[in-house]
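Undergrad: Here is my input; please provide its structure:
(chains A and B)
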Amino acid sequence: MVPIEYYLILSVVLFAMGAAGVLARRNALIIFMSIELMLNAANLAFVTFARQYGQLDGQVFVFFVIAAAAAEVAVGLALIVMIFRSKHSIDVDQMSSLRE
Amino acid sequence: MAVDFELIMFFILAGVGIGTAAGMLLSRSAVYSALFLVLNFGAVAGFYLFLNAPFIAMAQITVYAGAIMVLFLFVIMLLGAEKLTPPEVLPWQRPLAVVLAGILILEAAYLLFLRTPGLGEIQMPGFGPDTSPAAIGAILFGKYLLPFEITSVLLLTAMVGAIVLVRPRKQGGGQE
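TA: Sure, this is the predicted structure:
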């Protein structure tokens, strides 16, 4: 038997690691992956509470999160490709102006 | 009392999950980061199986580890981003990020373990409600029908947006 707190603290640890990645890394692709990690940690908490309360609603929410993540990745990667075409770099420190 | 098998399984999977997350954050090459993240998604899918959510575990594998990470790898290869030199970082930023993440973890641990009355325990085989794809589909198309339809609009918008963004621009030939 695993206490529910263990699942929740694991979710928090994964979320904090994703947040640290967003703060510390400069590669736009790694930052995107860190965002995925944070979404995943939130999903883990959703499923944990769905299990605890015996409700399916939490699991349904995970599907919406996955769909939002897919949409975000598609648009975000398209943006990264465009930025790389004009600046030849995906370093977020280079992305300081809106025009080309 | 004998050693708890479920607890051992939990700690092994948690070690894999946290280790692969650390590998993703620390590796120099974006390709290695993406592959570590695939492993991490696999570990989290294992937790979903523990938590009586088999359908979500499979969706996690196919959508996250399959589709989304392939998209990531595709873009990494396309840009040649794995060969980019590690950029200059301001010296105080990285330690600050680690310290802030540690504070977040400590705060959550304090709230969870010291301020919350026991939340109970999870037994792995799982009783609870029916979590088959049929049951999830019934609630998805019943109670959550409107959000489901809005999701389709979101995905369509993202698809059109991605195509419009990467479309090659006409060189001065556009309508003014």
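Undergrad: residue nearest the centroid of chain B?
TA: When CA atoms, centre = their mean is applied to chain B, the residue found nearest the centroid is residue B:41 (6.0 Å).
Undergrad: May I ask which helix or strand encompasses that residue?
TA: helix B:30-50 (DSSP states H and E).
Undergrad: For that helix, which residues meet the burial criterion?
TA: For helix B:30-50, a neighbour-count test (16 or more other CB atoms under 10 Å in any protein chain shown) marks B:30-31, B:33-50 as buried. Placement of C-beta: from N, CA and C, glycine included.
Undergrad: and the end-to-end length of stretch B:99-117?
TA: Terminal residues of stretch B:99-117 are spaced 28 Å apart (CA to CA, to the nearest Å).
Undergrad: So what touches that stretch?
TA: Stretch B:99-117 is contacted by residues A:5, A:8-9, A:12-13, A:15-17, A:19-20, A:23 when judged by CB atoms under 8 Å, 6 or more residues apart in numbering or on different chains.
Undergrad: I'd like those laid out as CSV, including pLDDT and secondary structure.
TA: As requested, those are exported to CSV (pLDDT from 0 to 100; DSSP: H, G, I helix; E, B strand; the rest coil):
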residue, pLDDT, secondary structure
A:5, 87, helix
A:8, 92, helix
A:9, 92, helix
A:12, 95, helix
A:13, 95, helix
A:15, 95, helix
A:16, 95, helix
A:17, 94, helix
A:19, 93, helix
A:20, 92, helix
A:23, 89, helix
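Undergrad: For the least confident helix or strand in chain B by mean pLDDT, which strands pair with it and how are they oriented?
TA: Ranking every helix and strand in chain B by mean pLDDT, DSSP states H and E puts strand B:121-122 at the bottom, with a mean of 76. Strand pairing for strand B:121-122, determined by DSSP bridges: strand A:2-3 (antiparallel).
Undergrad: Tell me which residues of the lengthiest helix in chain A come out buried.
TA: In chain A, taking DSSP state H as the definition, the longest helix is helix A:57-87. Going by neighbour count (16+ other CB under 10 Å), the buried part of helix A:57-87 is A:58-64, A:66-67, A:69-81, A:83-84.
Undergrad: again with stretch B:97-117
TA: Buried residues in stretch B:97-117 (16+ other CB under 10 Å): B:97-98, B:101, B:104-105, B:108, B:112.
Undergrad: ditto for stretch B:10-24
TA: For stretch B:10-24, a neighbour-count test (16+ other CB under 10 Å) marks B:10, B:13-14, B:16-18, B:20-21, B:23-24 as buried.
Undergrad: what about the least confident helix or strand of chain B, distance to the chain center?
TA: Strand B:121-122 sits 23 Å away from the centroid of its parent chain (CA atoms, centre = their mean, to the nearest Å).
Undergrad: which other residues reach that strand?
TA: If you take CB under 8 Å, 6+ apart as the criterion, strand B:121-122 is touched by A:1-4, A:7, A:48, A:51-52, B:50-51.
Undergrad: tell me the least confident of these?
TA: Ranked by pLDDT, the contacts of strand B:121-122 bottom out at residue A:1 (78).
Undergrad: Please list which of the buried residues of helix A:57-87 also come close to chain B.
TA: For chain B, the contacts drawn from these by CB under 8 Å from any CB of the partner chain are A:59-60, A:62-64, A:66-67, A:69-75, A:77-81, A:84.
Undergrad: could you measure residue B:30 against residue A:97, distance?
TA: Separation of residue B:30 from residue A:97 (CB to CB, to the nearest Å) stands at 24 Å.
Undergrad: neighbouring contacts of the helix-or-strand element of chain A with minimal mean pLDDT?
TA: Taking mean pLDDT, DSSP H and E as the measure, chain A has strand A:2-3 as its least confident helix or strand, at a mean of 84. With CB under 8 Å, 6+ apart as the test, strand A:2-3 has contacts from B:6-7, B:10, B:50, B:118-122, B:124.
Undergrad: Extract the residue ranges of chain A that are flagged as low pLDDT.
TA: Applying pLDDT under 70 to chain A picks out residues A:98-100.
Undergrad: What strand or helix carries residue B:12?
TA: Residue B:12 is part of helix B:5-26, with elements assigned from DSSP H and E.
Undergrad: by contact count, what packs against that helix?
TA: strand A:2-3, helix A:4-24, helix A:28-53, helix B:30-50 (3 or more CB pairs under 8 Å, 6 or more residues apart in numbering or on different chains; DSSP states H and E).
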